[in-house]
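Participant: Make a model of this:
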Amino acid sequence: MPDFESLGISKSNVQKLRSYGVAKPTPIQEKAIPIVMGGKDVIAQAQTGTGKTFAFILPILEKINPLAPHVQALIVTPTRELALQITEEFEKLTKDMDGVDVLAVYGGQDVDKQLKKLKKNVQIVVGTPGRLLDHIRRGTVHLSEASFLVLDEADQMLHIGFLNEVEDIIRETPKTRQTMLFSATMPEEIRTLANKHMRKPEYIQVEKTQGPAENVKLIAIHTIDRAKQATLIQLVETHRPYLAVIFCRTKRRVSKLYDVLKSHKFLCDELHGDLSQAKREQVMKRFRDGDVQLLIATDVAARGLDVEGVTHVFNYDIPQDAESFIHRIGRTGRAGTKGLAITLYSSDDRPTLDMIEKELNITIQKQNLGNSGEKEDKKPSSTSESEKERTFKTNKNRKSVRTTDGKSDGKNSTRQQGRGSLKDQGNKKSPIKGKRTNTRPGEKGRSQSSSSKSRRMT
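Facilitator: Modelled structure (predicted):
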């Protein structure tokens, strides 16, 4: 496997990458970087979590001119969260580069702050279509000299309905620009967009982009709507995720489920479009820091969400199409780590589930926990022969929680997820009241006392 230097990345940037624990290029980086460094347009079909962000960030930083006082690179994203994440990655690598400024522009942010920074020399702009168009119309963002255009998660911009805005933005850039398009799927509308606005692009595809990553285990649990809450709680207590994203169909259902899980003392929060941007950023920070373990979200709010250590995804409401399914479960199993995606479905949802399986050419393991009130799928004998019941003490009662370590002592427990290591979180609270152990994936547990009334799944 080639290293970053052999792909044309400078020693200084390679050293920065190593300081952040990035030593070798991923397949998407290995394929895309030489094409971009060669000045060609590229269409890259790759799932989230494959390292595609560095595939365009690194070449842009190699080719950008710090002395030129205008916008040289524009990255268009479907969501504010993704815009912020890309901006953070740029800032990591440019903090020691004089004359290179990066700005994220997105709705819900203080416009005056954006305008103040735009008056300075900003070379790289990362933003969502709506706010970008707003700045273009105000005359505060000028793209006439932009050399690089990146359309990230293009299929999601189509899904949300931003394609017309994206075309309006493209028209503001010079035809001589270099264009990079990244997408997990390649609908006909995206192909048409590429044919219309790209110059002889090279097409690359990484892994199985027509289906989920192989390192994510897929399970579907048969239930009914009135049993969903109890089923989800049972699943969370059984699998005990380190971090999990729970998807609901609407903002109202997100809030309703959040209230239920909060009343059961889970460390949870909600993410949807009705939240202010400040609140959304606060929620995301708490989730990244591990202060929130269960994030209940809508599809749109969670698009582009990239948090290390997400071990589980729960589809509380079944996604309505295969593309949404891919993007949901892409929140776990990042960078080759193992993940588990569990979808709850009713008999009425079965045609949708069958359609997803057919379109993605996959088979999802079906289970019935016995609380659906219906018989559809064969009930599994057990999750694991080594799985036994463990009982933990709480202040008022005893709570039965499944583990997979094959022990039952009613005392403190340490559970390792076997995921990639994250920064230490030994001082975090326990999900169940009393003295417990909490571990980050891949780390050894450490026991501690906590008076928290919230339940941390460890």
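Participant: Domain ranges for this protein, per the record?
Facilitator: Using automatic domain parsing, the domain ranges for the chain come out as 5-205, 213-458.
Participant: would TSV of those domains with mean neighbour count and mean pLDDT be doable?
Facilitator: In short, each C-beta sits where N, CA and C put it, glycine included. Below are the domains of the chain laid out as TSV (neighbours: other Cβ atoms under 10 Å; pLDDT from 0 to 100):
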stretch	mean neighbour count	mean pLDDT
domain 5-205	18	90
domain 213-458	18	72
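Participant: Name the nearest residue to residue 363, sequence neighbours excluded.
Facilitator: For residue 363, ignoring the flanking residues on the chain, the nearest one in space by Cβ to Cβ, 6 or more residues apart in numbering is residue 357 at 6.2 Å.
Participant: can you give me the strands in the stretch 51-200 of the chain?
Facilitator: Applying DSSP state E, counting those that start in this stretch to the stretch 51-200 of the chain gives strands spanning 73-76, 102-105, 124-127, 148-151, 178-183.
Participant: so what does the second one touch, helix or strand wise?
Facilitator: Going back to what we said before, that points to strand 102-105. Judged by 3 or more Cβ pairs under 8 Å, 6 or more residues apart in numbering; DSSP states H and E, strand 102-105 is in contact with helix 80-94, helix 111-118, strand 124-127, helix 129-138.
Participant: can the ones you listed go into JSON lines with extra columns for distance to residue 33?
Facilitator: Shown next, in JSON lines, are these (distance: least, Cβ to Cβ, whole Å):
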{"stretch": "helix 80-94", "distance to residue 33": "14"}
{"stretch": "helix 111-118", "distance to residue 33": "29"}
{"stretch": "strand 124-127", "distance to residue 33": "17"}
{"stretch": "helix 129-138", "distance to residue 33": "25"}
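Participant: Any idea which of those gets closest to residue 202?
Facilitator: helix 80-94 (22.1 Å; Cβ to Cβ).
Participant: rewinding a little: C-alpha coordinates for the helix or strand harbouring the residue nearest to residue 363, CSV please?
Facilitator: Assigned by DSSP states H and E, residue 357 belongs to helix 350-360. The C-alpha trace of helix 350-360 is given here as CSV (Å, rounded to 0.1, in the frame of the first residue of the first chain):
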residue,chain,number,x,y,z
ARG,A,350,-42.3,-5.8,5.6
PRO,A,351,-42.7,-4.7,2.0
THR,A,352,-40.3,-1.8,2.6
LEU,A,353,-37.8,-4.0,4.3
ASP,A,354,-38.0,-6.5,1.4
MET,A,355,-37.5,-3.6,-1.1
ILE,A,356,-34.4,-2.4,0.8
GLU,A,357,-32.9,-6.0,0.8
LYS,A,358,-33.6,-6.4,-2.9
GLU,A,359,-32.2,-3.0,-3.9
LEU,A,360,-29.0,-3.5,-1.9
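Participant: all numbers from here: first residue = 381
Facilitator: In the new count, where the first residue is 381, that last one comes out as helix 730-740.
Participant: what packs against that helix?
Facilitator: Using 3+ Cβ pairs under 8 Å, 6+ apart, helix 730-740 is in contact with helix 702-709, strand 719-725.
Participant: Show me the contact partners of the first one.
Facilitator: The contact list for helix 702-709, computed with Cβ atoms under 8 Å, 6 or more residues apart in numbering, reads 427-428, 535-536, 539, 564-565, 567, 591-593, 596, 598, 625, 627, 679, 682-683, 693, 695, 699, 719, 721, 723, 735-736, 739-740.
Participant: go on, the last one?
Facilitator: By Cβ under 8 Å, 6+ apart, the list of residues contacting strand 719-725 from outside reads 592-593, 595-603, 608, 611-612, 615, 619, 621, 690-699, 705, 708-709, 712-713, 732-733, 744.
Participant: Adjacent strands (with direction) for it?
Facilitator: Here strand 719-725 has these sheet partners by DSSP bridges: strand 596-602 (parallel), strand 692-695 (parallel).
Participant: Any chance of CSV for these, columns distance to residue 470?
Facilitator: Listed next are these as CSV, based on distance: least, Cβ to Cβ, whole Å:
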stretch, distance to residue 470
strand 596-602, 28
strand 692-695, 27
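Participant: nearest to residue 674, of these?
Facilitator: strand 692-695 (8.5 Å).
Participant: In contact with the closest residue to residue 486 other than its chain neighbours, which residues?
Facilitator: Leaving aside its sequence neighbours, residue 486 sits nearest to residue 460 (Cβ to Cβ, 6+ apart; 4.0 Å). Listed by Cβ under 8 Å, 6+ apart, the contact partners of residue 460 are 486, 487, 488, 489, 508, 657, 660.
Participant: again, only using 10 Å
Facilitator: 484-489, 507-508, 511, 657, 660-661, 664, 681, 683-684 (Cβ atoms under 10 Å, 6 or more residues apart in numbering).
Participant: any idea how far it lies from residue 748?
Facilitator: Distance of residue 460 to residue 748, computed by Cβ to Cβ, to the nearest Å: 39 Å.
Participant: Over to residue 416?
Facilitator: Counting by Cβ to Cβ, the gap from residue 416 to residue 748 is 49 Å.
Participant: ok, back up a step: what would the strands of the stretch 431-580 of the chain look like in TSV with distance to residue 423?
Facilitator: Converted to TSV, the strands of the stretch 431-580 of the chain look like this (distance: least, Cβ to Cβ, whole Å):
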stretch	distance to residue 423
strand 453-456	15
strand 482-485	24
strand 504-507	20
strand 528-531	10
strand 558-563	5
